[in-house]
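Undergrad: Have a look; sequence and predicted model below, questions after that.
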Amino acid sequence: MRTPHVPEMLETRPPVGWVEVHAENYLAAGGPRLAALERIRRDLPLSIHGVGLSLGSAEGVDATHLERLARLVTRFQPALVSEHVAWSVNSGVYFNDLLPIPYTEESLALLCRNVDRVQTVLGRQILMENPSTYVRFVASTIPEPEFIAELATRTGCGLLLDVNNIQVSAVNHGFDPYRYLSTIPKSAVREIHLAGHAVLDMDGEVLLVDDHGSPVTQEVWQLYAAAIQRVGPTPTLIEWDTRIPPLATLLDEARRADRVLTKAAAPVRPVPEEKRDGA
Amino acid sequence: MVHDLQVAFGHALLAGNAEPVADALVSDHIPAEKRLGVHVNNVFGLLGTALEVAFPVVCQLVGTPFFRMAAQAFVTRHPPSVPHLAVYGGRFSDFLADFPPAAGVPYLPCVARLEWARIEAYFAADRAPLDPARLTELPAATYPELVFQLHPSLRLVRSPWPIFLLWQAHQQTPVPPVDTTSGGETVLVWRPDLEVMLTRMSAGDAALIAAIAQGATLADAATAAAAVEPEFDLQAALIGHLERGSFCGWAQ
């Protein structure tokens, strides 16, 4: 939920199952945003999605920022709290971008340490989101899905599977997104993100950029259907953060995701024994 | 190793140049420098947008291309230090004052200070304004010794330029002409409830509020006000502040 949609959300109360907000947009002492979120929260479950904890930072987690996040979580009692496999802070500078980490034993260990600390301070499980990446590091030795699976195993964190990010990274680095999907430990996935991406032409080569500024693409819808088939019906969010469209456009996208979820749910719903023979 | 890599990555981002991390990145069908460019664009683009949203009148005064150029220079020199963009831009006014390309618009830093005060008021702590009826609980004889608490959102912005007129003009379309030689203005910015408010203060009223902000008693604050505005009407000023919600209580 982005601020331009808040008045309409409050006025029309569209039939959405839950909303997600960026933690960093709600860290102020007071003001209209927090007041509006209080009103939304009365009616809807909330997911708090952090973009600034910088859990991939070798410097560790900033205590002040974590403290602020903890207060927000205490106040709003969200159903889910999530962050990213990325870093954004170093030497006192916040880069306001989700920056990539090399996939090595060292970075896995420090990421696990940081996730452990957050889960301890918040007293709950957090979900970690797979990143969209543009660069690869010479030092990386572990494939990304294995790295993320190991993170979940070691810390007990859940996973926020961003299907668009898989597609973006798959095109940017030339791997098979369906193979990636098959490596993700399905029992750890608690939430799914969908979003649109931009297509950059790099002298005839394509680079996808995860800008959350357009409708979800056909390839991502297909990958999403495969993801739901693998992990089962899972709360799904449409992210749209730049060139924000009218709320109705966003709700259309959410309904489309709902149809995929409903379709997937139907065959796995347990059928009572006595009705199985058509009796 | 990861720490060194992140330091180098940060330098590369702010310099917009892959050289510090060139050896650490894989180059394939797309050169690493171009791949890194996505992050450089993200950093400068998103922070520039954050500044544009925080300083809309400054942006209108200089035009978007100039604003983006200034924002890029500001981000390079003063990148954010905390992951909380509501507090990013507090130094933009000082930066503009020392930014030679902006020297032709001498009131620009003051307008930026006014816009920043609005941002601070917007995100300030919530407090109910003082109910004027509560003052009747006090014996009138104690009023001179009262030390009012200013509302946490309240800010006073002084300028040798007509910043209130300038700000107001830029809330309209088309923007009416503003006589920038009409003299300085002091603006009170505050948010009694959910909406940020602005009003012009007389010299005496501004001195009154400035003194109260320093913890002065009402009597001392009134003396400070009368010193800069001999005709200062204390009662009218107090009624004004109680009506608009400038105070949220008094020190016990």
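TA: Good, I have the coordinates.

Undergrad: so what does the helix ranked longest in chain A touch, helix or strand wise?
TA: Counting by DSSP state H, the longest helix found in chain A is helix A:247-268. Applying 3 or more Cβ pairs under 8 Å, 6 or more residues apart in numbering or on different chains; DSSP states H and E, we find helix A:247-268 packed against helix A:6-12, helix A:218-231, strand A:236-239. Backbone N, C-alpha and C define where each C-beta goes, glycine included.

Undergrad: tell me the angle of it relative to helix A:218-231?
TA: Counting by axes from the mean of the first three to the mean of the last three Cα atoms, to 10 degrees, helix A:247-268 lies at 40 degrees to helix A:218-231.

Undergrad: residues making contact with stretch A:236-256?
TA: If you take Cβ atoms under 8 Å, 6 or more residues apart in numbering or on different chains as the criterion, stretch A:236-256 is touched by A:2, A:4-5, A:8-9, A:12, A:14, A:16, A:20, A:47, A:164, A:191-196, A:211-216, A:221, A:224, A:257, A:260-261.

Undergrad: Now with 6 Å, please.
TA: With contacts defined as Cβ atoms under 6 Å, 6 or more residues apart in numbering or on different chains, stretch A:236-256 is touched by A:2, A:4-5, A:8, A:14, A:20, A:192-195, A:211-213, A:257.

Undergrad: Which members of the residues you listed are classed as buried?
TA: Among the contacts of stretch A:236-256, those scoring as buried are A:2, A:5, A:20, A:192-195, A:211-213, A:257 (criterion: 16 or more other Cβ atoms under 10 Å in any protein chain shown).

Undergrad: Just flag the most distant two among these.
TA: Spanning the widest gap among the buried ones among the contacts of stretch A:236-256 are A:5 and A:192, at 20.4 Å by Cβ to Cβ.

Undergrad: Export the contacts of stretch A:236-256 to CSV and append columns for secondary structure.
TA: Output for those, formatted as CSV (DSSP: H, G, I helix; E, B strand; the rest coil):
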residue, secondary structure
A:2, coil
A:4, helix
A:5, helix
A:8, helix
A:14, coil
A:20, strand
A:192, strand
A:193, strand
A:194, strand
A:195, strand
A:211, coil
A:212, coil
A:213, coil
A:257, helix
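
Undergrad: Return the closest of these with respect to residue B:218.
TA: residue A:4 (43.3 Å).

Undergrad: all strands of the stretch 51-200 of chain B, in order?
TA: Under the criterion DSSP state E, counting those that start in this stretch, the stretch 51-200 of chain B contains strands at B:148-150, B:155-159, B:185-190, B:197-201.

Undergrad: Please disregard the earlier target; I meant chain A.
TA: For chain A, the strands defined by DSSP state E cover A:19-22, A:46-49, A:80-84, A:87-90, A:93-99, A:127-129, A:158-162, A:189-195, A:198-202, A:205-209, A:236-239.

Undergrad: In chain A, what residue comes closest to chain B?
TA: Closest to chain B within chain A is residue A:52: 2.5 Å, counting by Cβ to the nearest Cβ.

Undergrad: you'd agree that residue is up against residue A:25?
TA: No - with contact defined as Cβ atoms under 6 Å, residue A:52 does not reach residue A:25; the gap is 10.2 Å.

Undergrad: pull the CA atoms of the longest helix of chain A into CSV?
TA: Extracted in CSV, the C-alpha atoms of helix A:247-268 (Å, rounded to 0.1, in the frame of the first residue of the first chain):
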residue,chain,number,x,y,z
LEU,A,247,-5.9,1.7,-7.2
ALA,A,248,-8.4,-0.1,-9.5
THR,A,249,-5.5,-1.2,-11.7
LEU,A,250,-3.7,-2.7,-8.7
LEU,A,251,-6.9,-4.4,-7.6
ASP,A,252,-7.3,-6.0,-11.0
GLU,A,253,-3.8,-7.5,-10.7
ALA,A,254,-4.6,-8.7,-7.2
ARG,A,255,-7.8,-10.4,-8.5
ARG,A,256,-5.8,-12.1,-11.2
ALA,A,257,-3.5,-13.5,-8.6
ASP,A,258,-6.5,-14.6,-6.5
ARG,A,259,-7.9,-16.6,-9.5
VAL,A,260,-4.6,-18.5,-9.7
LEU,A,261,-4.7,-19.2,-5.9
THR,A,262,-8.4,-20.3,-6.1
LYS,A,263,-7.7,-22.6,-9.0
ALA,A,264,-4.7,-24.2,-7.2
ALA,A,265,-6.6,-24.5,-4.0
ALA,A,266,-9.6,-26.4,-5.5
PRO,A,267,-8.0,-29.8,-6.2
VAL,A,268,-6.0,-30.0,-3.0
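
Undergrad: That one vs strand A:189-195, what angle?
TA: 140 degrees.

Undergrad: what's the offset of helix A:247-268 from the middle of its chain?
TA: Centroid separation for helix A:247-268 versus its chain: 17 Å, with Cα atoms, centre = their mean, to the nearest Å.

Undergrad: The residue nearest to residue A:224 when sequence neighbours are not counted - how many residues pack around it?
TA: Once flanking residues are discounted, residue A:224 sits nearest to residue A:163: 4.8 Å by Cβ to Cβ, 6 or more residues apart in numbering or on different chains. Residue A:163: 26 surrounding residues under other Cβ atoms under 10 Å in any protein chain shown.

Undergrad: What separation do you get for residue A:163 and residue A:180?
TA: As judged by Cβ to Cβ, to the nearest Å, residue A:163 and residue A:180 stand 10 Å apart.

Undergrad: Same check on residue B:243?
TA: From residue B:243 to residue A:180 the distance is 62 Å (Cβ to Cβ).
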